[in-house]
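**Q** Sequence first, predicted model second:
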There are 4 protein chains.
Amino acid sequence: KNRARLLINCPDQPGIVAAISQFLAEHNANILESNQYSTNPKGGEFFIRLEFEMPQLKEKIATLEEDFKEIKEKFNMKATFKYVDQIKKVAVFVSKEPHCLLELLWEWQSGDLMADISLVVSNHETSREYVESLGIPYYYIPANKDIRNEVEEQQIKLLKEHDIDVIVLARYMQILTPNFVEVFKNKIINIHHSFLPAFIGAKPYERAYNRGVKLIGATSHYVTNDLDEGPIIEQDISRVDHRDNAEVMKKIGQSVERSVLARAVKWHLEDRIIVYGNKTIVF
Amino acid sequence: KNRARLLINCPDQPGIVAAISQFLAEHNANILESNQYSTNPKGGEFFIRLEFEMPQLKEKIATLEEDFKEIKEKFNMKATFKYVDQIKKVAVFVSKEPHCLLELLWEWQSGDLMADISLVVSNHETSREYVESLGIPYYYIPANKDIRNEVEEQQIKLLKEHDIDVIVLARYMQILTPNFVEVFKNKIINIHHSFLPAFIGAKPYERAYNRGVKLIGATSHYVTNDLDEGPIIEQDISRVDHRDNAEVMKKIGQSVERSVLARAVKWHLEDRIIVYGNKTIVF
Amino acid sequence: KNRARLLINCPDQPGIVAAISQFLAEHNANILESNQYSTNPKGGEFFIRLEFEMPQLKEKIATLEEDFKEIKEKFNMKATFKYVDQIKKVAVFVSKEPHCLLELLWEWQSGDLMADISLVVSNHETSREYVESLGIPYYYIPANKDIRNEVEEQQIKLLKEHDIDVIVLARYMQILTPNFVEVFKNKIINIHHSFLPAFIGAKPYERAYNRGVKLIGATSHYVTNDLDEGPIIEQDISRVDHRDNAEVMKKIGQSVERSVLARAVKWHLEDRIIVYGNKTIVF
Amino acid sequence: KNRARLLINCPDQPGIVAAISQFLAEHNANILESNQYSTNPKGGEFFIRLEFEMPQLKEKIATLEEDFKEIKEKFNMKATFKYVDQIKKVAVFVSKEPHCLLELLWEWQSGDLMADISLVVSNHETSREYVESLGIPYYYIPANKDIRNEVEEQQIKLLKEHDIDVIVLARYMQILTPNFVEVFKNKIINIHHSFLPAFIGAKPYERAYNRGVKLIGATSHYVTNDLDEGPIIEQDISRVDHRDNAEVMKKIGQSVERSVLARAVKWHLEDRIIVYGNKTIVF
């Protein structure tokens, strides 16, 4: 396909949109979709996402990016071109509970996730059979905090071999070290089984039950070194009542987790997300 | 304020965004927000809403609109400039049930509706006292289908005297004639007390109750000559169960009606809505 | 297990709860959950669902039901005992789109559907492989309106052989005849891909898109002879906007269909639903 | 009216429902609604709410409560009779922001809150005019932490003079002392402007904005001595996105606060809530 996306943020000032859209017009591109946002018209940060089509895009990529450098420097932009036919390679990490993994595989099978699911990594054997039946390699790497560094070394090696673009933690119940996170900055998407920042950390459903909440939620976010504190991509909730014990809440919550993570991953794959500070702009 | 909005639709083709944004840059405007959508990149309809700031806007309005004509013709655009300091004049029509009127007055009092509520028209005296206590003129015009034409003549005269930009039917239980609707095309916003197209017409809550639905809704739409068939602006729902009879559904529904109508009116006042065919694009 | 449920409806009058609960106490039953509702305390219909535990229930079933007849007649009750250890046998009917079938199989695999999924019937071969991989028999019965009677004869024979209690139409795109419906009255659960009564009939997403709605929904209901008019069990919606074409609406809608149907089936299996007239009471 | 409610909790054991319903039948009462819940059938806590009608209830109240003592003691019950014609007296506390107060007054005017709003107490004069226009006394009692005890003394005196049953903190921005809370245990309903337990304490919208959440919420709870930690009655949320700054979030949140508080107050007035430990059972 001749389709590309351009994601930009820079200090706001007059003339940015004109410069970009003139550039694209001169390069014979047709803008299909464009979304813009500014934290503050005076002295704020400007964000834009453009999706465009360009005849014979493939041959022109190098020129396009080279030519854009002038504008990029002039406006002091952080700018990334993404090309739709460069399908992203995804690794899914999972522990015992398979519901989030299954949701992703399902979306992928029905053609709704534009990605290669290149491999599944797990510290349990639980999902091997199903994953392999879809022709996806399954790597069982036992993990616990005592061997964290060795485990991550092995994982990083694997991820690099497969040239992975995105790591999805689909209920992977191990903490990642700062080293691992640094290697894949803004490329690791986690699902937390609570409505963050409520119930940060372990056993959120038990704690939600004990607190007597009337809604439970799930949060998908990029992973940073602060546990459960990374930029939030998507959240959603479901209603519970006094009859629902922690076990039932967990079941209800799994359904929320599935859809929240699937939406977050899809938006990432469609290059809809710009991370800025500890927040996301989702276009 | 030096703030304006530009709403455009036209057949899609390359170069539109470039032309508009270059035009605005040349006129020294800073784009604050821009949203774009195309029904189909090839041969579809293109929509854009831009909000921008321009120094000494007031003096430049005539030139601005004049200069834009070239682009407008070139791309065969339907284009409208809206100026934020030209506060819209609103007439609210209401019958007996005051909940939607109250919601609008309340939002208006707390500064959330950027509008002049110039008058309230009613076929009942019910809300006079409260409306007048806020310093808003209240016109009691009895109405029924036998005197529809005379009533509307009187209403149109009133609306023209007050130079009204928007008419909000806040549970006004009279049908408007094609003549009235023609005079204020895409300027009359209605709240229908059901989730359209379910329960078109009268007594939706009774019918919803009889059908045994598990959700009830409300729909805000522009008024056209087809009853309850105009372009939908916003919809929302609320959950009900077997314990809720038609009376209770009505109460629950009123709360949905209030918020749905308030959102629709706010978006209209912020020039966020483009009507295209029988649909709305809400940016 | 020694657990049972008692579902009753009868004309309301004083003393019903006392009679039932005294009866259960005399039979040494401990009431675990009870829900009651009356359409109108004076001359309305009374509904109750009780879940109770009784030591050595299995041996006592015959006596229990026999003894209850007196109360049943006195209050002119429609009453049914259901025993938790009599697992219901479910047949799932599906056409091409597998999403609802997959959701049910998934819930079933994770132990959340207390049922035997005894067989899957389809007019397409699409889902055979996956269904059979779970050890569930898959019957391919081609269908179209010209051979409807022969097809249904074959289906009914199959369902009787398997002693089926519930038929779930998980996006089965064939209309059932009155004869079929009569044989399995209040035992056939359908998922309709719209927020009924909006968009009754075929192609609801296309029609929702054309109407420009801002929410789409799904409805699960018992099947009667009036197309899409049977008693509604559950409904839910999802938000859409102008960017979502009919194809995208369909994708978003499938996610709603999955969860709505799964909830409806689960409630039916837990004997939570009483059908009364064209409505459901869901306890 | 001859209508009453009976709220009970006690250790679960067989025979409770039978005992209660037989008692009511013998006293010629017709049960209109009954809801029951048990934390655990074996050794858990049993909860029930019954609404019933009894001819000449008023004359029989003393006998009724006296006769019930036997059952109460036998099952070790916490039991309360509530009589629908004993309208509850409500005091509303408010600071500057009037939206929650207005919602309550509005529901009250349209007959949806079965209560006497006996007085409004505020540490600001903001809402005096509107409250007094409805014939409700308005007490301006300036407050700050240095004079907390004197202020509360004055408030308690006022509340006792008016024989107040329920205190609603409709965005009252002062902390109450343990002494005040003790006097009105489980009778003070607060609205917290966040989805607890996220953003406990001050400035929740600012903190929600800084955290980059995608949903904001509100929580209504009974007040205890642990700040924002009391039993939750109701919660709800609204979606926000990157365009919504803290100010906009606050506006959106106010709408959630209004409906959440109104629902919680209504349920309390209808005697639907049993507080148990730090949780609520809402029937």
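**A** Perfect, thanks for sending it.

**Q** CA atoms for contacts and neighbours, from now on please.
**A** Noted.

**Q** biggest helix in chain A by residues?
**A** Longest helix of chain A, by residue count under DSSP state H: helix A:246-269.

**Q** Go through that helix and flag the buried ones.
**A** Neighbour counts over helix A:246-269 (16 or more other Cα atoms under 10 Å in any protein chain shown) mark A:246, A:249-250, A:252-269 as buried.

**Q** how about the residues of chain A near chain D?
**A** For chain A, the residues in contact with chain D (Cα under 8 Å from any Cα of the partner chain) are A:37, A:39, A:196-199, A:211-215, A:231-236, A:241-243, A:278-282.

**Q** and A:E73, how many neighbours?
**A** 10 (other Cα atoms under 10 Å in any protein chain shown).

**Q** I would like the residues contacting the one helix or strand it maps to, please.
**A** Using DSSP states H and E, A:E73 sits within helix A:57-74. The contact list for helix A:57-74, computed with Cα atoms under 8 Å, 6 or more residues apart in numbering or on different chains, reads A:2-3, A:19-20, A:23, A:27, A:77-79, A:81.

**Q** in it, what's buried?
**A** Across helix A:57-74, burial judged by 16+ other Cα under 10 Å covers A:57, A:72.

**Q** Hmm, A:N245 is touching A:N210, no?
**A** No. Using Cα atoms under 8 Å, A:N245 is not in contact with A:N210, being 9.1 Å away.

**Q** just the strands in the stretch 1-150 of chain A please.
**A** Remark: strands assigned in the stretch 1-150 of chain A by DSSP state E, counting those that start in this stretch are A:3-11, A:30-38, A:45-53, A:78-83, A:88-94, A:115-122, A:138-140.

**Q** Would you format those as TSV with distance to chain C included?
**A** Formatted as TSV, the strands of the stretch 1-150 of chain A follow (distance: least, Cα to the nearest Cα, whole Å):
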stretch	distance to chain C
strand A:3-11	17
strand A:30-38	10
strand A:45-53	14
strand A:78-83	21
strand A:88-94	17
strand A:115-122	17
strand A:138-140	20
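
**Q** ok, of the ones you listed, where does mean pLDDT dip lowest?
**A** The weakest mean pLDDT among these belongs to strand A:30-38, with a mean of 90.

**Q** how far is that one from where the chain is centred?
**A** 21 Å (Cα atoms, centre = their mean, to the nearest Å).

**Q** do it and chain B meet at all?
**A** Yes. Strand A:30-38 lies within reach of chain B by Cα under 8 Å from any Cα, at A:30-38.

**Q** hang on, the earlier thing: of the contacts of helix A:57-74, buried ones?
**A** A:3, A:19-20, A:23, A:77, A:79, A:81.

**Q** what angle do the helix or strand of chain A with the lowest mean pLDDT and strand A:3-11 make?
**A** Every helix and strand in chain A was compared by mean pLDDT, DSSP states H and E; the lowest is strand A:30-38, with a mean of 90. Angle of strand A:30-38 versus strand A:3-11, following axes from the mean of the first three to the mean of the last three Cα atoms, to 10 degrees, is 20 degrees.

**Q** Which other helices and strands does strand A:30-38 contact?
**A** Secondary-structure packing of strand A:30-38 (3 or more Cα pairs under 8 Å, 6 or more residues apart in numbering or on different chains; DSSP states H and E): strand A:45-53, strand B:30-38.

**Q** Dump the C-alpha coordinates for that strand into CSV.
**A** In CSV, the C-alpha atoms belonging to strand A:30-38 read as follows (Å, rounded to 0.1, in the frame of the first residue of the first chain):
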residue,chain,number,x,y,z
ASN,A,30,-3.4,13.1,-0.4
ILE,A,31,-4.2,13.6,3.3
LEU,A,32,-6.8,11.0,4.4
GLU,A,33,-7.1,11.9,8.0
SER,A,34,-5.6,14.5,10.2
ASN,A,35,-6.0,15.2,13.9
GLN,A,36,-4.4,18.0,15.8
TYR,A,37,-4.3,19.1,19.4
SER,A,38,-2.4,21.8,21.3
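
**Q** hmm, back to that, of A:N245 and A:N210, which one has the most company?
**A** Neighbour comparison, A:N245 and A:N210: the larger count goes to A:N245, with 17 against 14 (by other Cα under 10 Å).

**Q** what about the spatially closest residue to that one that is not a sequence neighbour, how many neighbours?
**A** Once flanking residues are discounted, A:N245 sits nearest to A:Y209: 6.4 Å by Cα to Cα, 6 or more residues apart in numbering or on different chains. Neighbourhood size, A:Y209 [other Cα under 10 Å]: 23.

**Q** so who does A:Y209 touch?
**A** By Cα under 8 Å, 6+ apart, the neighbours of A:Y209 are A:245-246, A:249.

**Q** wait, which of these is closest to chain C?
**A** A:M249 (12.9 Å; Cα to the nearest Cα).

**Q** coming back round to it: in helices, which of the residues of chain A next to chain D fall?
**A** Using DSSP H, these in helices are A:R211.

**Q** Selecting buried members of the residues of chain A next to chain D in ChimeraX, what would you type?
**A** A single ChimeraX command suffices to select whichever of the residues of chain A next to chain D are buried according to 16+ other Cα under 10 Å:
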select /A:37,39,196,197,198,199,211,212,213,214,215,231,232,233,234,235,236,241,242,279,280,281,282
